[in-house]
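Student: Just need the structure, nothing else, for what follows:
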Amino acid sequence: MFDFRQTKIVATLGPATDLPGQIEMLLSAGLDCVRINCSYGGAEDWQRRVEDLRATERHRQRPVPVIFDLQGLKMRLAPGTAEMSLVAGTQVRFYGAGSAPPAGEGHVLQVDRPGFAELVGDGCELVIGDGTPRLAALARDGEAVIASVTSPGTLGPGKGVTVTNVQAEGASFTEKDERDLLDAVRLGAEFVAISYVRSAADIEPVRRRLAEAGSRARVIAKIEQRQAYDNLDEIIAAADGVMVARGDLGVAVGHEQVPLMQKDIIRRATQAGKLVITATQMLESMISSPVPTRAEAADVANAVIDGTSAVMLSAETSTGAYPVEAVTKMGAIAGAAESEEIRGAHDEGREAADAAVMHAALYLSHATGARALIVPTTTGSAARAVAKYRPRKPIVAIADDAFVAAQLNAEWGVFAAAYEDQGVEDRTKSVLLQAKEIAELESGDQVVVTAGPLAGRPGATNVIALREVP
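Tutor: Coordinates of the predicted model:
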């Protein structure tokens, strides 16, 4: 029976998925898209995992997209940092990499980024780990930042350091990101995610480097800073998709602000027809437990009902004890939530001609009770144009090449494959025969098929037809 779960599942690869046969089990459990977290491991690890995925997916009809998640301005305490607990009111001096803290200065911490003090200005806070300890920046003293503990907590080597309202321009795309981007291109990444985006300007250097490297990877902006949320509309317009990165977003704005921000980000991205991934701690307890908590199940279900394109697993699959079970449970929760009305985009007036055609095709599929909407596509834009309305039937996209098909398989409700000539004169009939296999349609089923006057010409969809599956 065709798996009609429309919300996609992204899973992070890591040591827990390196076991023989694990990728096959994850795909069988319902995995739709994989993430490589560039904050961990190196090019050899990433290549081994991507090659394992590609070898496993070859016998499957639907290609699996890969997201390379760039580390960005993710700073950590130096490896030699001593474990310590900080109480409220304690003053701490922070130094960047390459600085030599004077001896006998009391509480001194070193961060693994050169020029760290230049990032910190008035009104900034320094947050360690997932939220505590938290410190208010008081002043800069040469290469040091003097800060006072406002929320106590424990720290240790390698703990993440977040600076709220970071000051540096162009800091979201680092030298490490540039190196990792080239590895992503070499390994055929379909998506690149940018960390710590603050405005549309942060997206441009990544797009430029992808173009220079000859990559067609689509760009996802991670929303994890107050500035990013304040500039959300311009970021959505500049990017191909967004990720609600709830961990660092909660650190930056306060955990109580995240739920409503999440709903708003999903709504605005969906209205614009852009991919939106909801991430971080969705099934956190499954790192060590074979079942999620009821609160986690409700969390996933709410994101699904709000219309998120995909939900993401991080440590649950990369280092957790139950990666396959986590994918299975997330799929079951998402599938159950989809019995409710999913919030999609609504019509805001005039549309571009190709988008209006796809909207009309969707209406026809509803009016006739068609089993599926079949969309031959060159760039994928036609399938995305209808996916934003979150229809209750599969969108079967037949793409001109496997790279575009893989990208489409991260989109809500889209089931994509590369075009294969079925050996018949009529290209539409050939597309129907292939869609029949993908969506397990029956001969005689009614479907809506879109087309253009010239096969393979992007942006030319202007024909809608009601057809029977041969």
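
Student: What about the nearest residue to residue 64 once chain neighbours are set aside, how many residues nearby?
Tutor: Spatial nearest neighbour of residue 64, excluding adjacent residues (Cβ to Cβ, 6 or more residues apart in numbering): residue 57 at 5.0 Å. All C-beta spots, glycine's among them, are computed from the backbone N, C-alpha and C. Using other Cβ atoms under 10 Å, residue 57 has 18 neighbouring residues.

Student: Give me the distance between residue 176 and residue 192.
Tutor: 14 Å (Cβ to Cβ, to the nearest Å).

Student: my bad, residue 165
Tutor: In terms of Cβ to Cβ, residue 165 sits 25 Å off from residue 192.

Student: ok, residue 429 - contacts?
Tutor: 422, 470 (Cβ atoms under 8 Å, 6 or more residues apart in numbering).

Student: Which of the helices or strands spans it?
Tutor: If you go by DSSP states H and E, residue 429 is part of helix 427-438.

Student: More neighbours: residue 176 and residue 192, which one.
Tutor: residue 192 (26 against 14).

Student: May I have the helix or strand that one falls within as PDB, with CA atoms only?
Tutor: Of the helices and strands defined by DSSP H and E, residue 192 is found in strand 191-194. The C-alpha coordinates for strand 191-194 follow below in PDB (Å, rounded to 0.1, in the frame of the first residue of the first chain):
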ATOM      1  CA  PHE A 191      20.600  21.400   0.000                       C
ATOM      2  CA  VAL A 192      22.900  23.600   2.000                       C
ATOM      3  CA  ALA A 193      21.700  25.000   5.300                       C
ATOM      4  CA  ILE A 194      23.200  28.300   6.600                       C
END
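
Student: Flag the shaky bits of the stretch 201-350 of the chain, pLDDT-wise.
Tutor: 348-350 (pLDDT under 70).

Student: now the helices for it?
Tutor: For the stretch 201-350 of the chain, applying DSSP state H, counting those that start in this stretch gives helices covering 204-212, 226-230, 232-238, 246-253, 258-271, 294-305, 315-318, 323-337.

Student: helices or strands next to the helix or strand following the last one in the packing?
Tutor: What that stands for is helix 323-337. Per DSSP H and E, the first helix or strand lying C-terminal to helix 323-337 is helix 353-368. Where contact means 3 or more Cβ pairs under 8 Å, 6 or more residues apart in numbering; DSSP states H and E, helix 353-368 is packed against strand 373-377, helix 381-387, strand 446-451, strand 463-468.

Student: Contacts for helix 353-368, please.
Tutor: So helix 353-368 is contacted by 273, 347, 351, 370, 372-373, 375, 381-382, 385-386, 389, 391, 393, 446-448, 450, 459-462, 464, 466 (Cβ under 8 Å, 6+ apart).

Student: Can you tell me which of those are buried?
Tutor: Among those, those classed as buried by 16 or more other Cβ atoms under 10 Å are 273, 370, 372-373, 375, 381-382, 385-386, 389, 391, 393, 447-448, 450, 460-461, 464.

Student: Name the residues of the helix holding residue 429 that come out as buried.
Tutor: By 16+ other Cβ under 10 Å, the buried positions in helix 427-438 come out as 427-428, 430-436, 438.

Student: Ok, stretch 206-226 next?
Tutor: Result for stretch 206-226 [16+ other Cβ under 10 Å]: buried residues 206-207, 209-210, 215, 217-226.

Student: which of these sit farthest apart?
Tutor: The distance between the two most remote of these (Cβ to Cβ) is 30.5 Å, for 215 and 226.

Student: mind giving me the domain ranges of this protein?
Tutor: The record's domain parsing of the chain by automatic domain parsing lists 8-72+170-337, 75-163, 353-468.

Student: I'd like to know how many residues surround residue 346.
Tutor: Residues contacting residue 346 under the criterion other Cβ under 10 Å number 10.

Student: Relative to residue 388, how far out is it?
Tutor: For residue 346, the distance to residue 388 - Cβ to Cβ - is 10 Å.

Student: Pull up the overlap in contacts between those two.
Tutor: With Cβ under 8 Å, 6+ apart as the test, residue 346 and residue 388 both reach residue 271.

Student: where's stretch 105-115 relative to the chain centroid, distance-wise?
Tutor: Distance, stretch centre to chain centre, for stretch 105-115: 32 Å (Cα atoms, centre = their mean, to the nearest Å).

Student: Report the buried residues of that stretch.
Tutor: Applying 16+ other Cβ under 10 Å to stretch 105-115 flags 109-113 as buried.

Student: Also stretch 8-26?
Tutor: 8-14, 16-17, 22-26.

Student: so how far does that stretch reach from one end to the other?
Tutor: 13 Å (Cα to Cα, to the nearest Å).

Student: Pull the distance from that stretch to the chain's centre.
Tutor: The answer for stretch 8-26 is 16 Å, by Cα atoms, centre = their mean.

Student: for the record, mean pLDDT for it?
Tutor: Here stretch 8-26 scores 97 as its mean pLDDT.

Student: just to revisit the earlier point, and of the buried residues of stretch 206-226, the nearest to residue 129?
Tutor: residue 224 (14.8 Å).

Student: Does residue 9 touch residue 330 like I think?
Tutor: Yes: the criterion here is Cβ atoms under 8 Å, and residue 9 meets it with residue 330 at 5.5 Å.
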